[in-house]
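Asker: Build me a model:
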Amino acid sequence: MKLDGSQTKQLTEALMSAYPSQEKLEQFLLIAFEDKNLNKIAMGDNLETIVFRLIEDANAKGWLTQLIQQAYEYNPGNPDLQKFTLSQILTPCENQYLQEMKQAFLACCPQEWHDWVEDVDSLKKIFEQLQQLDNERVMLNEKTSDNQNVQFVKHLLLNETISTTPLKDSLEQWLKHSEPSFFLQSWLEPRKKEKKVSSEKHQSNIPTNLIIRLVTSSVNQRKRYLVSAWFVPDGRNHKIDLKLKNYEGYIPLQVGEKEDFSLKEIPLLIEEYFKEIKTKGYQLSSSTFTIVFFVPFKLLKEPIDCLKCQKIEGISIGAHYNVVIRHNKRSTNFEEDWRKKWESLEKKVRHSNTNTLVYRDGDHRELYTKLPNNSKIICIKLLQPPSKEVMEVIEQKSVPVIVLLRKNVESSSYQEEVQKLRKGPIAGLINRIKEKRTQAINDNTKQHIGHHLTLLWENPYLLPPDTNFAYSNPKS
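Answerer: Numbers count the residues shown, from 1 in each chain. Prediction:
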């Protein structure tokens, strides 16, 4: 072992802290090394000079590692020696496990201190903050069974990644010296169980998405589609920086050997995606999992949600999973107004005359007059399939949510059913439409509204990661 200038300074300070007089240093050296005499190795006018020369001799003659180990073993409770020996263990693997070190650092901090603890981006800063936390406890006269370095190591050992590496053995050995009476397993087991329960509960509340994009095949333009797919294990909006086009956490899924697929083959393909997702260690919750189809215009009117689920015979994918549709064209032209309206939706606003429009006519010009610039309309319910012109108006006006009936209907009962969907927040439409699809399972006449509802759910933060969209400023 060789030390650089900075490490030599740190070790000098640690040894002076652990053995604060020449007499104590000499006593330690005689007990730990029977053949080492401090007076013969290092002479000087003050303790700092003596310690420095002791380290120089050990460094030059190859017994520095033993010096550090013995100094720590004879005074394992000294925080400066603890920090130095711990840094010798962790520094070589800092780049590899820095994220785990950050997590352990935050875990050993009291919850009420999280707001003022600054971000850490290096092991050096972690040690500085641990020292600051110890100082703060001293100032507050708080009693604790161990210092922050010890707490830090305990939480590192609790980390699943660290617990499967050779680093684990070194940390356990360090902890055994720092706290000889501490029984590691009795501390770890209940916390591992608690962490597992907490993690499962947390994961069950995180929205997950399977993005499936269909593009018309140039070989078989009418009936077959090129398919791309991504799994998004954390669908919360802050994960994506739209202006920088920075997508975090998108996992591409393999399509298979076939180049293109028919719509009838999509459910089988979805099951293959599920298998791949599970092999990557993810569990899907039906309450928070959504299949997001990006499709060309001609498929907006297709009953994609009515495709039969491979997992359960006789059940549609729209009844078994949350299913929403997106327009391929729209994903290439991002409007700032679109983002603002989506953020309003996420505040759980309820349907009202100011944010929801039920449109019965198919005339795009009339629709245009009903949607002036800076309109607050977040949701449009179309009582008949839209033309391209109608969709262009909706997209131009940055309306993020569209509920449409895929067939022309005169029945007042359908119109009443659409009106009922207005109950509750707009953000709850996915669940309410899924309920309608579930209610339609036993209707063999295909007259139930649940057979004919398409939900366009244009979340501007959830886009295929290879989308080449244009970013536009708000309209004046």
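Asker: Can you classify the residue sitting nearest the centre point of the chain as helix, strand or coil?
Answerer: Centroid check for the chain by CA atoms, centre = their mean gives D234 as the closest residue, at 5.2 Å. Look at D234: counting by DSSP: H, G, I helix; E, B strand; the rest coil, its state is coil.
Asker: Does the residue nearest to L64 when sequence neighbours are not counted lie in a helix or a strand, and which?
Answerer: Take L64 and drop its neighbours on the chain: the residue closest to it by CB to CB, 6 or more residues apart in numbering is A58, 4.1 Å away. All C-beta atoms are positioned from the backbone trio N, CA, C, and that covers glycine. For A58, the element it lies in under DSSP states H and E is helix 47-61.
Asker: Toward the C-terminus, what is the element adjacent to that helix?
Answerer: Once helix 47-61 ends, the next helix or strand along the chain (criterion: DSSP H and E) is helix 64-74.
Asker: residues in contact with that next one?
Answerer: 1-3, 11, 14-15, 18-19, 28, 31-33, 54-55, 58, 78, 81-82, 84-85, 88, 177 (CB atoms under 8 Å, 6 or more residues apart in numbering).
Asker: now do 6 Å
Answerer: M1, F28, A32, A58, L81, T85, H177 (CB atoms under 6 Å, 6 or more residues apart in numbering).
Asker: Put the alpha carbons of that helix into PDB.
Answerer: Extracted C-alpha coordinates of helix 64-74, given in PDB (Å, rounded to 0.1, in the frame of the first residue of the first chain):
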ATOM      1  CA  LEU A  64       1.900   0.500   6.400                       C
ATOM      2  CA  THR A  65      -1.100  -1.700   5.900                       C
ATOM      3  CA  GLN A  66      -0.400  -3.500   9.200                       C
ATOM      4  CA  LEU A  67       0.100  -0.100  10.900                       C
ATOM      5  CA  ILE A  68      -3.300   1.100   9.800                       C
ATOM      6  CA  GLN A  69      -5.100  -2.200  10.700                       C
ATOM      7  CA  GLN A  70      -3.400  -2.400  14.100                       C
ATOM      8  CA  ALA A  71      -4.100   1.300  14.900                       C
ATOM      9  CA  TYR A  72      -7.700   0.800  14.100                       C
ATOM     10  CA  GLU A  73      -8.100  -2.500  16.000                       C
ATOM     11  CA  TYR A  74      -6.600  -1.000  19.100                       C
END
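Asker: next structured bit after that helix?
Answerer: helix 79-90.
Asker: now for that following helix, which elements pack on it?
Answerer: Counting contacts by 3 or more CB pairs under 6 Å, 6 or more residues apart in numbering; DSSP states H and E, helix 79-90 is packed against helix 5-18, helix 148-158.
Asker: What average pLDDT does it get?
Answerer: Helix 79-90 comes out with an average pLDDT of 90.
Asker: where along the stretch 151-300 of the chain do the helices fall?
Answerer: Per DSSP state H, counting those that start in this stretch, the stretch 151-300 of the chain has helices spanning 167-178, 184-204, 266-279. These are given in chain order.
Asker: Among those helices, show the one with the smallest mean pLDDT.
Answerer: Comparing mean pLDDT across the helices of the stretch 151-300 of the chain, the weakest is helix 184-204, with a mean of 56.
Asker: P425 pairs with what?
Answerer: Counting by DSSP bridges, P425 is bridged to R350.
Asker: I'd assumed R350 was in contact with it.
Answerer: Yes: counting by CB atoms under 6 Å, R350 is a contact partner of P425 at 5.4 Å.
Asker: picking up where we left off before, output the contacts of helix 64-74 in JSON lines, with neighbour count and distance to P92 appended to each entry.
Answerer: What follows is the contacts of helix 64-74, written out as JSON lines (neighbours: other CB atoms under 10 Å; distance: CB to CB, whole Å):
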{"residue": "M1", "neighbour count": "13", "distance to P92": "11"}
{"residue": "F28", "neighbour count": "20", "distance to P92": "27"}
{"residue": "A32", "neighbour count": "15", "distance to P92": "25"}
{"residue": "A58", "neighbour count": "22", "distance to P92": "20"}
{"residue": "L81", "neighbour count": "25", "distance to P92": "19"}
{"residue": "T85", "neighbour count": "24", "distance to P92": "13"}
{"residue": "H177", "neighbour count": "17", "distance to P92": "19"}
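Asker: Export those to CSV and append columns for distance to E48.
Answerer: Formatted as CSV, the contacts of helix 64-74 follow (distance: CB to CB, whole Å):
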residue, distance to E48
M1, 21
F28, 16
A32, 20
A58, 16
L81, 16
T85, 20
H177, 26
